[in-house]
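>>> okay, predicted coordinates and the sequence, questions at the end:
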Amino acid sequence: MEAPPKRVLTPAEPKKILSSEGGSYYAWASSDLCMLAEAKVGAAKLLLNHRGLALPKYSDSSKVGYVLQGSGVAGILIPEAESERVVKIRKGDAIAVPMGVLSWWFNDNPSEVLEILFLGDTSKAHRSGEFTDFHLIGGSNGLFHGFSKEFVSRAWDLEEDKVEYLLKSQSGTGIVQLKEGKSLPTPESQEEGDKLRLVFNCEEAKLDVDIKNGGRVVVLTSDYLPLLEQIGLGADLVKLDPAAMCSPGFSSDSAFQVTYIVRGHGRAQVVGIDGVRVLETEVKAGFLFIVPRFFVVSKIAGNEGLEWFSIITTPKPIFCHLAGRTSVWKALSKEILTASFDVDEEIEQHFRSKRMQDAIFFPPSTN
């Protein structure tokens with residue numbers, strides 16, 4: 001039988017796709033990170049300088065946006081809605097952006113760059129593993145530049161000279177810097193509408209796990225951000241303390257894990273379903289890597305700690321941990337353990353007595 005093709009799991013950094021005075025756009029290409037195409041997920045980053053505006057666009061993929069730093073404003077227009085939703089965004093916010101939604105992004109903060117990570121589902125995209133955006137307006141790639149002035153004039157009910165002026169007035173492409181004196185809509189207040197349906201702050205959320213000197217995790221599901229159910233994704237934010245370890249584990253519901261290292265550095269190992277280690281690598285801020293279905297991953301933080309944001313290709317992921325208080329080892333009977341390891345009961349009891357208090361995150365040894 002022919003051996004399956006070797007997977008390349010090595011973490012990668014993105015390439016700059018677009019740059020202007022308003023900011024820049026980076027993306028991971030499936031040609032550089034082949035697991036993107038296999039998992040049918042895409043990844044990109046948007047950086048906006050002060051008064052930088054990412055022009056209104058559609059995408060061929062559903063995404064989760066995560067604000068890595070800064071603050072700003074986002075506009076979301078859901079199909080068939082009568083008006084856009086305008087929300088304030090800040091560091092730690094997660095925003096669900098389903099396919100078919102029109103969105104724009106703006107940095108109104110003079111002191112900090114607005115940086116947003118986008119991870120999403122490309123199963124229906126033009127190119128598996130990559131996002132393709134469709135801009136309403138822009139110097140060369142606006143959708144209406146492709147139509148003749150006659151068609152646009154008929155569609156907009158405008159004279160052709162007015163059409164020509166509108167289409168040529170914006171020379172920027174994708175990202176522009178808003179001129180002084182121009183303003184954007186005021187974000188809705190917390191009380192107006194159900195903001196949590198669009199935005200959820202992971203930094204201030206109730207912790208799902210909190211281990212002293214070990215780490216913390218917030219699991220983002222459709223319970224917190226209902227649009228995740230529509231786009232079929234789940235997400236989590238994990239903060240691992242210095243020298244702490246994250247238990248070996250895997251998604252037991254056949255999901256891929258797409259992980260972006262937000263801060264710090266550390267080491268990661270991934271083991272395949274045949275028990276062979278397929279990845280052992282250093283990871284650092286800015287790296288993206290993907291864990292295949294049913295592959296087991298574990299990480300150990302460096303001396304600065306390690307923080308990552310992940311999406312999982314299911315809206316309510318189920319994880320199986322292979323070490324710690326909540327692991328399968330604690331649930332199996334002593335008879336099965338002694339038989340499986342082929343050891344006596346004394347060794348089994350010693351093994352079972354370890355990690356009785358620690359779950360998922362293990363603080364560094366004090367010995």
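Yes, it's here.

>>> what's the burial count for D121?
Counted with other C-beta atoms under 10 Å, the neighbours of D121 add up to 21. The way it works is simple: take the backbone N, C-alpha and C, and place the C-beta from them, glycine included.

>>> separation between it and T132?
Distance, D121 to T132, by C-beta to C-beta, to the nearest Å: 13 Å.

>>> swap in P292?
To T132, P292 is 24 Å away according to C-beta to C-beta.

>>> neighbour-wise, which of the two wins?
P292 (19 against 13).

>>> leaving out sequence neighbours, find the closest residue to L228.
Closest residue to L228 apart from its sequence neighbours, by C-beta to C-beta, 6 or more residues apart in numbering: S222 at 4.3 Å.

>>> meant to ask about S71, not that
Of all residues not flanking S71 in the chain, R90 sits nearest, at 4.0 Å (C-beta to C-beta, 6+ apart).

>>> what about that neighbour, neighbour count?
16.

>>> how about it, what does it touch?
Shown in contact with R90 (C-beta atoms under 8 Å, 6 or more residues apart in numbering): V67, G70, S71, G72, N201.

>>> looking at those, which is nearest P315?
Taking C-beta to C-beta as the measure, P315 sits nearest to N201 out of the contacts of R90, at 19.1 Å.

>>> and E21, backbone torsions?
When read as degrees, to the nearest 10, the backbone of E21 gives phi -60, psi -30.

>>> what sits closest to it if chain neighbours are left out?
Using C-beta to C-beta, 6+ apart and skipping residues adjacent in sequence, the residue nearest E21 is Q177, 4.4 Å away.

>>> so that neighbour bridges to which residues?
Residues in a beta bridge with Q177, per DSSP bridges, are G52.

>>> any idea how far Y165 is from it?
For Q177 relative to Y165 (C-beta to C-beta), the value is 21 Å.

>>> then A44?
32 Å.

>>> check P11 too.
Look at P11 and Y165: by C-beta to C-beta, they are 48 Å apart.

>>> could you find the closest non-adjacent residue to T186?
In space, T186 comes closest to V86 once its chain neighbours are excluded; the distance is 7.1 Å by C-beta to C-beta, 6+ apart.

>>> that neighbour and E188 touch, don't they?
Yes. With contact defined as C-beta atoms under 8 Å, V86 reaches E188; the gap is 6.0 Å.

>>> distance from the chain centre to stretch 45-63, please.
Relative to its parent chain, stretch 45-63 has a centroid offset of 15 Å by C-alpha atoms, centre = their mean, to the nearest Å.

>>> and the residue lying farthest from the centre of the chain, what does it touch?
Relative to the centre of the chain, the most outlying C-alpha is that of D344, 45.9 Å out, by C-alpha atoms, centre = their mean. For D344, the contact set (C-beta under 8 Å, 6+ apart) comprises T338.

>>> measure it to S333 for me?
Taken as C-beta to C-beta, the span from D344 to S333 is 15 Å.

>>> so which of the contacts of R90 belong to strands?
Of the contacts of R90, the ones assigned to strands by DSSP state E are V67, S71, G72, N201.

>>> what's the ChimeraX syntax to select whichever of those residues are buried?
Entered in ChimeraX, the line below selects the buried ones among these, by 16 or more other C-beta atoms under 10 Å:
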select :67,71,72,201
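
>>> min pLDDT across the ones in strands among the contacts of R90, which one?
Across the ones in strands among the contacts of R90, the smallest pLDDT goes to N201, namely 92.

>>> how close does it sit to D274?
Applying C-beta to C-beta, the value for N201 to D274 is 41 Å.

>>> could you do G174 as well?
44 Å.

>>> please apply the same query to F309.
For F309, the distance to D274 equals 29 Å [C-beta to C-beta].

>>> which parts of the stretch 201-350 of the chain are helices?
For the stretch 201-350 of the chain, applying DSSP state H, counting those that start in this stretch gives helices covering 227-231, 328-331, 334-341, 345-353.

>>> by contact count, what packs against the last one?
The reference is to helix 345-353. Applying 3 or more C-beta pairs under 8 Å, 6 or more residues apart in numbering; DSSP states H and E, we find helix 345-353 packed against helix 328-331, helix 334-341.

>>> list of residues touching it?
Outside helix 345-353, the residues touching it (C-beta under 8 Å, 6+ apart) are W329, K330, K334, L337, T338, F341, V343.

>>> filter those down to the buried ones.
Buried subset of those (neighbour count, 16+ other C-beta under 10 Å): W329, L337, T338.

>>> where does this protein dip in pLDDT?
Residue ranges of the chain with pLDDT under 70: 1-7, 190-196, 367.
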